[in-house]
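Asks: sequence unknown, structure follows:
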């Protein structure tokens with residue numbers, strides 16, 4: 001969410017007025033993240049986020065934006081994209097919509113494909129406790145179930161194929177120990193992906209980037225229990241295993257950031273809440289340790305790429321790749337097993 005493309009106030013104002021959102025009052029660039037240009041856009045009718053996509057083309061965006069629209073329609077708290085009333089929505093043909101059909105959720109700003117979504121209330125919790133993790137676990141399971149009838153399919157663009165393609169690019173920047181770790185783990189993940197157990201994993205739309213800074217919490221006055229008000233930044237979403245999505249969350253919400261070590265209290269809360277809504281299958285329980293390693297590898301590779309081969313931006317803060325190297329080593333050293341269904345305490349959905 002760095003600012004790569006400057007957006008003029010008048011151009012942003014013209015867009016929000018065309019979308020029926022009122023007159024623009026304030027436009028502020030958002031610092032953080034590294035993929036897209038983002039602005040807070042405040043109008044006389046509400047608060048929104050304007051995103052300009054720097055890497056994704058307009059043909060890729062309908063998957064992400066329609067997924068968000070689909071989840072919002074199913075009662076999952078996400079920032080709902082705003083449609084352009086001058087564009088006719090694509091009609092479904094059979095079970096899937098045409099891949100190249102016009103999408104009323106994709107706009108153009110400063111020559112870039114763009115989207116406008118509702119701004120969520122609350123704030124991110126960067127030091128989550130067990131209660132925050134339980135809220136996140138419930139949300140994730142509900143999101144997976146709600147996505148079962150989503151009618152678009154797109155692979156996870158940062159999945160195994162991308163890891164295989166990107167690893168040779170970052171290897172020259174690593175020392176001998178790091179290079180050995182990367183090569184060995186990549187070989188292991190390719191082996192896992194060819195197994196029958198992996199083929200049996202349930203699949204569907206996944207967020208694939210649900211870090212603690214991509215969720216918002218409200219705390220009701222007089223209550224100490226946090227309430228998850230929504231999850232945003234779906235622009236790494238794709239069709240993948242639900243277990244991988246769960247592993248991404250565990251590797252951020254349930255680890256100690258300075259050391260990368262596992263936090264059992266937060267992990268148990270997240271897993272119990274998730275499994276109370278959607279119990280894990282036998283194949284998922286068996287492959288949880290492998291997917292935790294896969295999720296750590298994915299973000300180690302992407303952070304190495306962003307750190308050593310950065311793009312220019314007016315607001316840019318690259319993440320330290322060393323963190324996920326530590327997480328990967330910890331996950332390989334101390335595998336985490338899923339709790340048995342009988343040991344999972346009931347958690348209200």
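Replies: Done, it's in. This one's a predicted model, so the numbers in the text were calculated from it and none came from an experiment.
Asks: could I get the average pLDDT for stretch 287-305?
Replies: Stretch 287-305 shows a mean pLDDT of 97.
Asks: so which residues of the stretch 51-200 of the chain form helices?
Replies: Assigned by DSSP state H, counting those that start in this stretch, the stretch 51-200 of the chain shows helices spanning 61-73, 130-146, 160-170, 176-193, 196-199.
Asks: do the same with the stretch 201-349 of the chain
Replies: Going by DSSP H, counting those that start in this stretch, the stretch 201-349 of the chain shows helices at 242-253, 264-277, 282-308, 322-333.
Asks: just how off-centre is stretch 39-51 within its chain?
Replies: 21 Å (Cα atoms, centre = their mean, to the nearest Å).
Asks: can you say which of the helices of the stretch 201-349 of the chain is packed in most?
Replies: helix 242-253 (a mean of 26; mean count of other Cβ atoms under 10 Å). Where C-beta positions appear, they are placed from N, C-alpha and C, glycine not excepted.
Asks: between that one and helix 322-333, how many degrees?
Replies: 120 degrees (axes from the mean of the first three to the mean of the last three Cα atoms, to 10 degrees).
Asks: which residues does helix 242-253 contact?
Replies: 128, 132-133, 136-137, 140, 144, 156, 201-204, 206-212, 266-267, 270-271, 274, 278, 280, 284, 287-288, 291-292, 294-296, 298-299, 324, 327, 331, 336 (Cβ atoms under 8 Å, 6 or more residues apart in numbering).
Asks: now that helix against helix 282-308, angle please.
Replies: 50 degrees.
Asks: ok so, going back, figure out which of the helices of the stretch 51-200 of the chain is closest to residue 262.
Replies: helix 130-146 (12.7 Å; Cβ to Cβ).
Asks: quick one: mean pLDDT over the closest one.
Replies: Averaging pLDDT along helix 130-146 yields 98.
Asks: with stretch 23-38 instead?
Replies: Per-residue scores along stretch 23-38 average to 86.
Asks: residue ranges with poor pLDDT in this structure?
Replies: 1-2, 32-34, 90-102, 219-223, 311-318, 341-349 (pLDDT under 70).
Asks: next, the residue nearest the centre of it: phi, psi?
Replies: Most central in the chain under Cα atoms, centre = their mean is residue 209, positioned 2.6 Å from the mean C-alpha point. With angles defined as degrees, to the nearest 10, residue 209 sits at phi -150, psi 40.
Asks: cool, and residue 47?
Replies: According to degrees, to the nearest 10, residue 47 has phi -120, psi 130.
Asks: distance check, it against residue 79.
Replies: 10 Å (Cβ to Cβ, to the nearest Å).
Asks: okay, and the common contacts of these two?
Replies: Joint contacts of residue 47 and residue 79 (Cβ under 8 Å, 6+ apart) are 118-119.
Asks: more neighbours: which of these two?
Replies: residue 79 (22 against 15; other Cβ atoms under 10 Å).
Asks: neighbours of the closest residue to the more buried one other than its chain neighbours, how many?
Replies: With Cβ to Cβ, 6 or more residues apart in numbering as the criterion, residue 79 has its nearest non-adjacent residue at 3.8 Å, and that residue is residue 117. Neighbourhood size, residue 117 [other Cβ under 10 Å]: 23.
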